[in-house]
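[1] Give me the fold of what follows.
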Amino acid sequence: MSTNAPLLITFIAYLLGILYLGIKAYRRTHSLGDYILGGRKLGSVVTALSVGASDMSGWLLLGLPGAIYLAGLSEIWIGIGLVIGAYCNWLFVARPLRVYSHHANNSLTLPDYFENRFNDHSRVLRLLSAVVILLFFTFYTASGLVGGAILFENSFGLDYSTALLSGAFIIVAYTFIGGFLAVVWTDAVQALLMLVALLIAPLSVISSSGGTAEVWGQLQAVNPQSTELFANMTFIGFISLIAWGLGYVGQPHILARFMAVESAQKLVPARRIAMAWMLIVLTGSVATGLAGIAYFADQPLENPETVFIALSQNLFNPWIAGIITAAILSAIMSTIDSQLLVSSSVISEDFYRVFVRPNASEKELLTVSRAAVIAIAILALLIASDRESRVLDLVSYAWAGFGASFGPVIVFSLFWRRMTATSAVVGMLLGAVTVVVWSNLSGGIFELYEIVPGFAFASFAIVAISVLRPEHNDATLEQYDSARALLVAS
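    Next up is the predicted model:
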């Protein structure tokens, strides 16, 4: 048996388990509502782990450790910003969105919710939000495919193109089959795998190096700035890192979990589980990057984003390495499947059913959703085919796009009675355009992460237009008031 045989066997066993969950979910998927939101029957534990896994993606095991390995502890501010943003999202957005999305004509998607929230009969709001989702999720999905290609390339010696296609096939297969239930069930398993992997890798380096103090000394010997929180940090750089937390309130794949939970009450224990998981895995991710600086001091890695893969292959026997390889794929799969599902639901529910076939049957819509999964994956593959693509860069762009375009609209729609449909359209469009334009400029103030100006401009537009051009719609106001009453009672 070759050295790689145990790794391959472990990896294949994991994939077969994931496929089994996809088939099991297929048997419980009978309608479009089941395929998109699992019939709104998620429990606290599954919701918490699914939110965490779909949120973190390959960025957690490839992008963040790579950034820490390259720049040192100063990159930890991304994680701190994310923890703050995630907690606020759970605390202030999750329950209102669950109550309001169900109350607003049982909205299954964000475009559906936006249209129902503002009684927008023009369909402009639905169309615009659907376009934004498809645009930024294509880039987001591409980031995951790049991560998968890096994994297959480094673990099994495949060339980049073959590795890219292999990863895409695996992920698309079970998402296509099982829909939302397959996604959240596999997310829960993947979240636990990620947790274990991010604990054992840095702990093994620390143990083999003689303890925490010894590793810390090695870090300072290799690069004294690697242990400083503010090394080479500018004010704009600091704000840019912390601002990652703003993105949470606009991420469709995360918000979909809030909408799918069985009841608003179950979001409280879910929040506690999710935040505990998040704190542990982010700590492990940062520790992995730092451990890599010490471990590979004599032989620096060509690609920083392979630090976790390289550590697992150097530290562990092939069987354990196989489990860690599966954990890395888990992180990648757990986000891509969610993104593909949200995007496919937009095509079937917000384009096909609304503009093409209003009387389409449930079976027909399911077929369209599954076909959309394949189409979006192909577009993402074209973007990911660039060998120089970096996971963190693609995630950063998509994260900013959703945070700036959807974030302000979600927040104001849930908490401000006077918000109007026109302000929602302008705010969403301005946020998206700002991100696209700002990201292509450089120097001075344009070094600021694009989510900051995008979120600020969109918020200002929403407030200004709602105040200057009020739209008094009795049905909209009554619906808002009744949803708030339900929220208070829940």
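[2] how about Leu394, what does it touch?
    By C-beta atoms under 8 Å, 6 or more residues apart in numbering, Leu394 lies in contact with 139-140, 142-143, 146, 383. (Each C-beta comes from the backbone N, C-alpha and C, glycine too.)
[3] Secondary structure element for the residue lying closest to Tyr87 once chain neighbours are set aside, which one?
    What sits nearest to Tyr87 in space, not counting adjacent residues and going by C-beta to C-beta, 6 or more residues apart in numbering, is Met275, at 5.9 Å. Assigned by DSSP states H and E, Met275 belongs to helix 267-295.
[4] Quick check: what element follows that helix along the chain?
    helix 307-315.
[5] Can you list the buried residues in that next one?
    By neighbour count with 16 or more other C-beta atoms under 10 Å, helix 307-315 contains the buried residues 307-313, 315.
[6] now it, how far from the centre of its chain.
    24 Å (C-alpha atoms, centre = their mean, to the nearest Å).
[7] Next, the angle from it to helix 267-295.
    Between the axes of helix 307-315 and helix 267-295, defined by axes from the mean of the first three to the mean of the last three C-alpha atoms, to 10 degrees, the angle is 60 degrees.
[8] quick one: contacts of helix 307-315?
    61-62, 65-66, 69, 150-151, 154-155, 197, 201, 204-205, 208, 288-289, 291-292, 295-296, 301, 320-321, 324-325, 328.
[9] I'd like to know which of those residues are buried.
    61-62, 65-66, 69, 150-151, 154-155, 197, 201, 204-205, 288-289, 291-292, 295-296, 301, 320-321, 324-325, 328.
[10] Would you mind putting the CA coordinates of stretch 267-284 into PDB?
    C-alpha atoms of stretch 267-284 as PDB (Å, rounded to 0.1, in the frame of the first residue of the first chain):
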ATOM      1  CA  LEU A 267     -32.400  30.900  17.800                       C
ATOM      2  CA  VAL A 268     -31.300  31.700  21.300                       C
ATOM      3  CA  PRO A 269     -29.600  28.400  22.000                       C
ATOM      4  CA  ALA A 270     -28.500  28.300  18.400                       C
ATOM      5  CA  ARG A 271     -26.700  31.600  18.900                       C
ATOM      6  CA  ARG A 272     -24.800  30.300  22.000                       C
ATOM      7  CA  ILE A 273     -23.700  27.200  20.200                       C
ATOM      8  CA  ALA A 274     -22.700  29.100  17.000                       C
ATOM      9  CA  MET A 275     -20.600  31.700  18.800                       C
ATOM     10  CA  ALA A 276     -18.800  29.100  20.900                       C
ATOM     11  CA  TRP A 277     -17.900  27.200  17.800                       C
ATOM     12  CA  MET A 278     -16.800  30.300  16.000                       C
ATOM     13  CA  LEU A 279     -14.500  31.500  18.800                       C
ATOM     14  CA  ILE A 280     -12.800  28.000  19.000                       C
ATOM     15  CA  VAL A 281     -12.300  27.600  15.200                       C
ATOM     16  CA  LEU A 282     -11.000  31.200  14.700                       C
ATOM     17  CA  THR A 283      -8.500  30.700  17.500                       C
ATOM     18  CA  GLY A 284      -7.400  27.500  15.900                       C
END
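[11] Quick one: distance of that stretch to the chain centre.
    Using C-alpha atoms, centre = their mean, the offset of stretch 267-284 from its chain centre is 15 Å.
[12] next one: stretch 115-130
    Worked out by C-alpha atoms, centre = their mean, stretch 115-130 lies 24 Å from the chain centre.
[13] start to end distance for it?
    Using C-alpha to C-alpha, to the nearest Å, one end of stretch 115-130 lies 11 Å from the other.
[14] Quick check: mean pLDDT of that stretch?
    Stretch 115-130 comes out with an average pLDDT of 90.
[15] For it, give me every contacting residue.
    By C-beta under 8 Å, 6+ apart, stretch 115-130 touches 100, 104-105, 107, 110-112, 114, 346-347, 350-351, 354-355, 406, 413, 419-421, 424-425, 428-429, 473, 475-476, 479-480.
[16] from those, which would you call buried?
    100, 104, 107, 110-112, 114, 346-347, 350-351, 354, 406, 413, 419-421, 424-425, 428-429, 476, 479-480.
[17] which residues sit against the host helix or strand of Tyr480?
    Assigned by DSSP H and E, Tyr480 falls within helix 474-489. For helix 474-489, contacts defined as C-beta under 8 Å, 6+ apart pick out 95-96, 99-100, 103-104, 117-119, 264, 417.
[18] let's see 7 Å
    Helix 474-489 is contacted by residues 95-96, 99-100, 103-104, 118-119, 417 when judged by C-beta atoms under 7 Å, 6 or more residues apart in numbering.
[19] What residues does Ser490 make contact with?
    99, 264-265.
[20] The residue sitting nearest the centre point of the chain: what's it in contact with?
    The chain has Asp55 as the residue nearest its centroid, 3.4 Å off, counting by C-alpha atoms, centre = their mean. Residues near Asp55 by C-beta under 7 Å, 6+ apart: Ile254.
[21] Next: Ser413.
    Applying C-beta under 7 Å, 6+ apart, the residues near Ser413 are 117, 419, 424.
[22] what about 10 Å?
    96-97, 100, 104, 113-114, 117-118, 419, 421, 423-424, 427, 462, 480 (C-beta atoms under 10 Å, 6 or more residues apart in numbering).
[23] who does the host helix or strand of Thr367 touch, helix- and strand-wise?
    Under the criterion of DSSP H and E, Thr367 resides in helix 362-384. Under the contact definition 3 or more C-beta pairs under 10 Å, 6 or more residues apart in numbering; DSSP states H and E, helix 362-384 sits against helix 32-37, helix 124-156, helix 160-209, helix 318-345, helix 391-405.
[24] Specify the stretch among those that is closest to Leu448.
    helix 391-405 (10.8 Å; C-beta to C-beta).
[25] What residues sit buried inside the helix or strand following that closest one?
    Sequence order places helix 407-415 as the next helix or strand after helix 391-405, per DSSP H and E. Neighbour counts over helix 407-415 (16+ other C-beta under 10 Å) mark 407-414 as buried.
[26] Tell me the first helix or strand C-terminal of helix 407-415.
    helix 421-438.
[27] Rounded mean pLDDT for that next one, please.
    For helix 421-438, the mean confidence score works out to 96.
[28] and the angle for it with helix 124-156?
    Using the same axes, to 10 degrees: helix 421-438 against helix 124-156 is 40 degrees.
[29] Just the angle for whichever helix or strand comes after helix 421-438 relative to helix 391-405, thanks.
    Tracing the chain C-terminally past helix 421-438 and defining elements by DSSP H and E, one meets helix 451-468 next. Helix 451-468 runs at 10 degrees relative to helix 391-405, counting by the same axes, to 10 degrees.
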